[in-house]
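> below is the sequence, then the predicted model.
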Amino acid sequence: MELSQLDGVATTADAIMSLHPTAKWSFSEGVVTWNSGDITEPTALALSNEVTRLQAAYNALNYSRLRKAKYDLLNQDEMRFDDVTNSTTTWVDAINAIKTAHPKP
């Protein structure tokens, strides 16, 4: 699940959507109003724990987001073509450099 905030910070809304994706609720001025009589409202502790879990899951994939941003800057098709034509390893070297700079945890 992607976090709703652009800055990658898990919120109470993210936690509610993760715990009860079909629940009906609203959020205004820091207050959650629960409108799902058939689904039990999560406790503050359950929401806090879910926010922590979602944030940890998001943070654990930071290396992947950093790698993708670097991969997107490469003209990979042209690099591979040039490597085949010139018997070089430019593309492999560039990918390995990115993986070294942003290793999996």
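Looks like it arrived, so ask away.
> all helices for this protein, in order.
For the chain, helices defined by DSSP state H occupy the ranges 12-19, 44-60, 62-73, 76-86, 90-101.
> let me have these in a markdown table, extended by distance to T33 and mean neighbour count.
Placement of C-beta: from N, CA and C, glycine included. A markdown table is the format used below for the helices of the chain (distance: least, Cβ to Cβ, whole Å; neighbours: other Cβ atoms under 10 Å):
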| stretch | distance to T33 | mean neighbour count |
| --- | --- | --- |
| helix 12-19 | 11 | 18 |
| helix 44-60 | 14 | 14 |
| helix 62-73 | 33 | 12 |
| helix 76-86 | 49 | 12 |
| helix 90-101 | 46 | 14 |
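> tell me the residue furthest from the middle of the chain?
Seen from the C-alpha centroid of the chain, the residue lying at the greatest distance (Cα atoms, centre = their mean) is N86, 37.8 Å away.
> ok, back up a step: tabulate the helices of the chain (CSV), appending distance to V31 and mean pLDDT.
Output for those, formatted as CSV (distance: least, Cβ to Cβ, whole Å; pLDDT from 0 to 100):
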stretch, distance to V31, mean pLDDT
helix 12-19, 10, 90
helix 44-60, 12, 93
helix 62-73, 32, 96
helix 76-86, 49, 97
helix 90-101, 44, 97
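> quick one, which of those helices is nearest to G37?
The closest of the helices of the chain to G37 is helix 12-19. By Cβ to Cβ, the value is 15.6 Å.
> taking helix 44-60 as reference, get the angle to that closest one.
Here the directions of helix 12-19 and helix 44-60 differ by 90 degrees (axes from the mean of the first three to the mean of the last three Cα atoms, to 10 degrees).
> can I get helix 12-19 as CSV, trimmed to CA atoms?
Extracted as CSV, the C-alpha positions of helix 12-19 are listed here (Å, rounded to 0.1, in the frame of the first residue of the first chain):
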residue,chain,number,x,y,z
THR,A,12,-3.9,7.8,10.8
ALA,A,13,-5.9,7.7,7.5
ASP,A,14,-3.4,5.3,6.0
ALA,A,15,-3.7,3.1,9.1
ILE,A,16,-7.5,3.1,8.9
MET,A,17,-7.5,2.2,5.2
SER,A,18,-5.0,-0.5,5.8
LEU,A,19,-6.9,-2.1,8.8
